[in-house]
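Asks: Need coordinates for the following:
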Amino acid sequence: MRFLVLVAALAVACSPAREDEPDLRAFGNEPFWNVTISVADGIVYGRLGEPDVRFPYSAPVSVAEGSASRVWGPVPAAEGEHEIQIRVSEEPCQDTMADIVHPMRATVTLDGEVLTGCARRLDDPPTETP
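Replies: Next comes the predicted model:
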């Protein structure tokens, strides 16, 4: 049984990124926070003035069939001290501090604290200004 779990974990860890699972960055203001989601590097949560918290990569699931919203997690940190869940929806998001519209909206729940902000693919620049 342990062997099968190990093989499954290795298969996921060694799988190349799929087109439907792009690397993403979610971020918000007051408090300033950001999350990077990458198949290669896992999930990394950062908050201004605090050390980063790393989580293993978890493939997203669709909220509903045909939905443009995806959810990662909940995912426990490797140390077991924290838990994160990220929901990203494909709808424009206004970053009022930078006066930029990003292509996605994000909600991050870290240890029960709900943070809202915007998101974009790592390889895409912000799309427009109002």
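Asks: Contacts only, for the most centrally placed residue in the chain.
Replies: The centroid of the chain falls nearest to Ile37 when counting by Cα atoms, centre = their mean (4.4 Å). Listed by Cβ atoms under 8 Å, 6 or more residues apart in numbering, the contact set of Ile37 reads Asp23, Leu24, Arg25, Ala26, Ile43, Tyr57, Trp72, Ile86. Backbone N, C-alpha and C define where each C-beta goes, glycine included.
Asks: show me where the protein has helices.
Replies: If DSSP state H is used as the criterion, the helices of the chain fall at 2-14.
Asks: Quickly list what Ala119 is bridged to.
Replies: Ala26, Met104 (DSSP bridges).
Asks: tell me the contacts of it?
Replies: Leu24, Arg25, Ala26, Phe27, Val88, Cys93, His102, Pro103, Met104, Arg105, Ala106.
Asks: if I look at it, how far off is Glu79?
Replies: The gap separating Ala119 from Glu79 is 25 Å, by Cβ to Cβ, to the nearest Å.
Asks: Mark which of the contacts of Ile37 are buried, thanks.
Replies: Buried positions within the contacts of Ile37, assessed by neighbour count (16 or more other Cβ atoms under 10 Å), are Leu24, Arg25, Ala26, Ile43, Tyr57, Trp72, Ile86.
Asks: Please name the residues that touch the last one.
Replies: Taking Cβ under 8 Å, 6+ apart as the definition of contact, the neighbours of Ile86 are Ala26, Val35, Ile37, Ile43, Val71, Trp72, Gly73, Ala106, Thr107, Val108, Thr109.
Asks: swap in the third one?
Replies: Residues touching Ala26, when contacts are defined by Cβ under 8 Å, 6+ apart, comprise Asn34, Val35, Ile37, Ile86, Val88, Met104, Ala106, Val108, Gly117, Cys118, Ala119.
Asks: can you rerun that using 10 Å?
Replies: Residues in contact with Ala26 (Cβ atoms under 10 Å, 6 or more residues apart in numbering) are 33-37, 43, 45, 72, 86-88, 93, 102, 104-108, 115-120.
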